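Asks: what's the 3D shape of this:
(one chain, ligands or ions: 1)
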Amino acid sequence: MKETGNISIHTENIFPIIKKFLYSDHEIFLRELVSNAVDATQKIKRLSSIGEFNGELGDLKVQVSFDKDKKTITISDNGIGMTAEEIKKYINQIAFSGATEFVEKYKDQGDDKGIIGHFGLGFYSAFMVAKEVEIISKSYQDGAEAARWICDGSTEYSISSAKKKTRGTDIILHIAEDSEEFLEEYRLKSILEKYGKFLPMPIEFQEKIINNPNPIWTKSPSDLTDEDYLQFYDELYPMQEKPLFWIHLNVDYPFNLTGILYFPKVKNEMQLQREKIQLYSRQVFITDEVKDIVPEFLMLLHGVIDSPDIPLNVSRSFLQADSNVKKINSYITKKVADKLADLFKADRAAFEEKFANIGLFVKYGMISDEKFMERATNFCLVQDTNDKYFTLDEYAEEVQAAQTDKDGNKVYLYTTDEQQQDAFIQSAKQKEYSVLRLDSLIDSHFIQAMEAKLEKTQWKRVDADRIDKLIDTGINLEAILSDTQKESVKKVFEETLNDKQKVVAVEAMSPDELPAIVTQNEFMRRMSEMSKNGGGMGMFGAMPTTYNITVNANHPLIGKLASLESEEEQKALAKQISDLALLSQNLLTGADLTAFIKRTIANQ
Ligand SMILES: Nc1ncnc2c1ncn2[C@@H]1O[C@H](COP(=O)(O)OP(=O)(O)OP(=O)(O)O)[C@@H](O)[C@H]1O
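Replies: Just a heads-up that it's a prediction; the model follows:
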């Protein structure tokens, strides 16, 4: 038998168009052909299990080999095989019409990068790397004659009988000159490992099986031990630190999804995202660009997601609007929140111990996802400077009595740097106020979000003002100095500092407090911090930083300053006092610091 024919498709020359679209992703030809071979072996297994095939199944597997001299790559399977009629039907019609449909759909989109790099172009993707493709196949059906099909990617093909004795299909790619990079062992191996690491049938390359056909996400959680999960993590990300815990995802309605998400051990944002979540479709690796499929804050997690219901051959904008994708998003969010809530309930002490690591996910989730915020307010913890953890409700109760100001607002004091803000923390502690430790990069955003959510609650950094201003209970101390004295002290400080960015005020504080303190307004500081983090507040970032110098009108040293006759002596004392205040905030630097040290030594 020998027959040539024409493949009936509308677009004359689809090959150049496809090649252009897939330019950066030629390697997926192997994923497509190996997946087809795996499908074929699974089909024969199924036929055998339902009694439609009674022959020997044999050792079902897919073999990939290459011949550098002949410039071929061969993908062989012992699956169901195809008769000549079936090749005509499945390859000439289905495979080519799939390719045509794709081109019809995307040919007008130019170089639109929106097209996701992975789509099931199937068999036709072979022509991205091959100038000619041969199929030699023998169907499982009794008495079936082997067939050979050959085509150079144009619309012409030829089909004849072949000598193949065993059941299954060999796809032989005659590699084009511009694709000879694929005729290298390491290249083929790395592509196979990337896409085929968890394919459900054994894949043999260079006499070795390169995959694990039964990854644990396909099993039932009740059949798995912690050790299994840890081992699998190691298989996914060799040599990494153990994860904290994991969630086994398993849903079959209203969409299909399985997977395992691991919470990595991360202390700071810089370490994040080194490893990525891998997306599979029926155990075929698709991508690790899971944006749009996994909620953004959960991209901080590691692991695998496997779903045949995620559309892979569509543009990003379509993906965002896809209802399955949306459902998958909220399902995963819910599962993660449930898992965290369970852990919290089951063992609070262990949860607290892990919170340094998981706090980042929790806070990021609360900021970015309203539903997650709802759920997480029950288990999100805050920690005070005595290392004690509170839920948000517990904390509200803790500070309610002492830290409510005259307008009825609860004031939460926090520190971002215990070392540097120690003097302020001590002032707060003297008044028996609690100070929270909120020192990670995400915390400024977390605070903004929580202020918007919690009613009548204000968050103030402990060094944003003097303590009785931060929590204004309405009880004002009397100043020992007269108003005129206060005015003149103010003037002395202003002239001594001689700096418009340092705003002086003289106020009645407790004599136990320092003679002067330097603070930075909470609002201005937040704005400039957010602009530094790229929060679009550029104008605040460009403005010079302003500090408030509050002089303690009730401190004995200020009393002494007010009573000095000589203006020179007043200024010398004001200089020493303000330098000390700046020094305590690490704000005395350079020539000013050198001058301060020299002067202090000279005065000994
Ligand atoms: N190795 C094989 N053994 C048996 N049949 C095959 C083999 N490869 C391809 N086929 C047949 O050819 C058809 C077309 O393959 P093609 O890869 O183009 O599309 P598909 O696998 O149906 O879908 P997709 O576009 O998602 O890959 C398959 O559905 C299958 O029936």
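Asks: any low-confidence regions in the stretch 201-350 of the chain?
Replies: 267-274, 311-321 (pLDDT under 70).
Asks: Start from the N-terminal end of it and give the helices.
Replies: 226-236, 316-321, 323-346, 348-368 (DSSP state H, counting those that start in this stretch).
Asks: which of the residues in the longest one are buried?
Replies: With burial defined by 16 or more other CB atoms under 10 Å, the residues of helix 323-346 counted as buried are 324-325, 328-329, 332-333, 335-337, 339-340, 343-344. (C-beta placed from N, C-alpha, C; glycine too.)
Asks: Look through this protein and state the residue closest to the ligand.
Replies: Gly122 (2.4 Å; CB to the nearest ligand atom).
Asks: Settle this for me: that residue is touching Asn36, isn't it.
Replies: Yes. Taking contacts as CB atoms under 8 Å, Gly122 lies within contact range of Asn36: 6.8 Å.
Asks: how long is stretch 170-179 end to end?
Replies: Start-to-end span of stretch 170-179 (CA to CA, to the nearest Å) is 20 Å.
Asks: now what about that stretch, what contacts it?
Replies: 26, 29, 33, 36-37, 71-76, 126, 128-137, 164, 182-183 (CB atoms under 8 Å, 6 or more residues apart in numbering).
Asks: Please pull out the lowest mean pLDDT helix or strand from this structure.
Replies: helix 538-542 (a mean of 54; mean pLDDT, DSSP states H and E).
Asks: right, and the helix or strand after that one?
Replies: Past helix 538-542, further along toward the C-terminus, the next helix or strand under DSSP states H and E is strand 547-552.
Asks: Distance from the chain centre to that following strand, please.
Replies: In terms of CA atoms, centre = their mean, to the nearest Å, the centre of strand 547-552 is found 42 Å from the chain centre.
Asks: do the same with stretch 325-344
Replies: That offset, for stretch 325-344, works out to 15 Å (CA atoms, centre = their mean).
Asks: can you pull the alpha-carbon coordinates of it into PDB?
Replies: C-alpha atoms of stretch 325-344 as PDB (Å, rounded to 0.1, in the frame of the first residue of the first chain):
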ATOM      1  CA  VAL A 325      -9.800  30.000  37.500                       C
ATOM      2  CA  LYS A 326     -11.800  32.300  39.800                       C
ATOM      3  CA  LYS A 327     -13.200  29.400  41.700                       C
ATOM      4  CA  ILE A 328      -9.800  27.800  41.900                       C
ATOM      5  CA  ASN A 329      -8.500  31.000  43.400                       C
ATOM      6  CA  SER A 330     -11.100  31.200  46.100                       C
ATOM      7  CA  TYR A 331     -11.000  27.500  46.800                       C
ATOM      8  CA  ILE A 332      -7.200  27.600  47.500                       C
ATOM      9  CA  THR A 333      -7.600  30.800  49.600                       C
ATOM     10  CA  LYS A 334     -10.200  29.100  51.700                       C
ATOM     11  CA  LYS A 335      -8.200  25.900  52.100                       C
ATOM     12  CA  VAL A 336      -5.200  27.800  53.300                       C
ATOM     13  CA  ALA A 337      -7.200  29.900  55.700                       C
ATOM     14  CA  ASP A 338      -8.900  26.700  57.100                       C
ATOM     15  CA  LYS A 339      -5.600  25.000  57.500                       C
ATOM     16  CA  LEU A 340      -4.100  27.900  59.400                       C
ATOM     17  CA  ALA A 341      -7.300  28.200  61.600                       C
ATOM     18  CA  ASP A 342      -7.000  24.400  62.400                       C
ATOM     19  CA  LEU A 343      -3.300  24.700  63.300                       C
ATOM     20  CA  PHE A 344      -4.100  27.600  65.600                       C
END
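Asks: sorry, back to before: mind listing which of the contacts of stretch 170-179 are in helices?
Replies: Among those, the subset assigned to helices under DSSP state H consists of Phe29, Leu33, Asn36, Ala37.
Asks: Got the confidence number for the second one?
Replies: Model confidence at Leu33, given as pLDDT, is 94.
Asks: Which residue is the nearest non-sequential neighbour of it?
Replies: Excluding its sequence neighbours, the residue lying closest to Leu33 (CB to CB, 6 or more residues apart in numbering) is Ile75, at 4.7 Å.
Asks: was I right about Lys354 contacting Val266?
Replies: No. Using CB under 8 Å, Lys354 is not in contact with Val266; the gap is 11.3 Å.
Asks: Would you agree the residue nearest to Leu33 is in contact with Lys61?
Replies: No. Contact criterion CB under 8 Å: Ile75 and Lys61 do not qualify, at 11.6 Å.
Asks: Include distance to the ligand when you put the buried residues of helix 323-346 into JSON lines, please.
Replies: Shown next, in JSON lines, are the buried residues of helix 323-346 (distance: CB to the nearest ligand atom, whole Å):
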{"residue": "Asn324", "distance to the ligand": "17"}
{"residue": "Val325", "distance to the ligand": "18"}
{"residue": "Ile328", "distance to the ligand": "20"}
{"residue": "Asn329", "distance to the ligand": "24"}
{"residue": "Ile332", "distance to the ligand": "25"}
{"residue": "Thr333", "distance to the ligand": "29"}
{"residue": "Lys335", "distance to the ligand": "28"}
{"residue": "Val336", "distance to the ligand": "30"}
{"residue": "Ala337", "distance to the ligand": "34"}
{"residue": "Lys339", "distance to the ligand": "33"}
{"residue": "Leu340", "distance to the ligand": "37"}
{"residue": "Leu343", "distance to the ligand": "39"}
{"residue": "Phe344", "distance to the ligand": "43"}
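Asks: Glu185: neighbour count?
Replies: 11 (other CB atoms under 10 Å).
Asks: what about the residue of the chain closest to the ligand, distance to Ile171?
Replies: 12 Å (CB to CB, to the nearest Å).
Asks: nearest to Glu478, of the helices of the stretch 201-350 of the chain?
Replies: helix 348-368 (43.1 Å; CB to CB).
Asks: Any regions of the stretch 501-604 of the chain where pLDDT drops low?
Replies: For the stretch 501-604 of the chain (pLDDT under 70), the answer is 532-543.
Asks: For it, which segments are assigned as strands?
Replies: 502-507, 516-519, 547-552 (DSSP state E, counting those that start in this stretch).
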